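[1] here is a sequence with its predicted model. Questions after.
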Amino acid sequence: MEDLILVSFGMHFKSLRVAKGLSQEQLALKADLDRTYISGIERGKRNVSLINIVKLAEALELPPKQLLDFKFKE
């Protein structure tokens, strides 16, 4: 179940990034994170910490709760 949550979050997160017209590299620079970390999130390989959720939300100019507004199938 954890994998499904991470993959679902990653897909949602990627859609938000793409909607803002940002590359992984651009978002990583804005959030002060590594591009490979962004890639790992989008592929469902990273369990994002609360601190990084806030950093990513700020970089996307979105409220943090919008990053967590996703659905997943069991």
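    Received it, and whenever you're ready, just let me know what you need. Numbers count the residues shown, from 1 in each chain.

[2] distance check, Leu33 against Arg46.
    The span separating Leu33 from Arg46 equals 10 Å under the rule CB to CB, to the nearest Å. Every C-beta, even on glycine, is put in place using the N, C-alpha and C of the backbone.

[3] contacts for stretch 23-32?
    17, 20, 22, 34-35, 37-39, 42, 52, 55-56, 58-60 (CB atoms under 8 Å, 6 or more residues apart in numbering).

[4] tell me the one of the residues you listed nearest Phe72?
    Distance to Phe72 across the contacts of stretch 23-32 (CB to CB) is lowest for Glu42, with 14.9 Å.

[5] please report how far the closest one lies from Ile53.
    Distance, Glu42 to Ile53, using CB to CB: 14 Å.

[6] then Gly10?
    For Gly10, the distance to Ile53 - CB to CB - is 13 Å.

[7] contacts for stretch 6-13?
    The contact list for stretch 6-13 (CB under 8 Å, 6+ apart) reads 41-48, 56, 67-73.

[8] ok now it, how far from the chain's centre?
    Distance of stretch 6-13 from the chain centroid (CA atoms, centre = their mean, to the nearest Å) equals 7 Å.

[9] may I see the buried residues of it?
    Neighbour counts over stretch 6-13 (16 or more other CB atoms under 10 Å) mark 6-7, 9-10, 12-13 as buried.

[10] with just CA atoms, put that stretch into CSV.
    Extracted C-alpha coordinates of stretch 6-13, given in CSV (Å, rounded to 0.1, in the frame of the first residue of the first chain):
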residue,chain,number,x,y,z
LEU,A,6,4.1,7.1,-3.2
VAL,A,7,3.4,6.5,-6.8
SER,A,8,0.0,8.3,-6.6
PHE,A,9,1.7,11.3,-4.9
GLY,A,10,4.4,11.3,-7.5
MET,A,11,2.0,11.4,-10.4
HIS,A,12,0.1,14.2,-8.7
PHE,A,13,3.2,16.1,-7.9
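
[11] now do the same for the residue nearest to the spatial centre of the chain: helix, strand or coil?
    Centroid check for the chain by CA atoms, centre = their mean gives Phe13 as the closest residue, at 3.9 Å. Using DSSP: H, G, I helix; E, B strand; the rest coil, the structure places Phe13 in helix.
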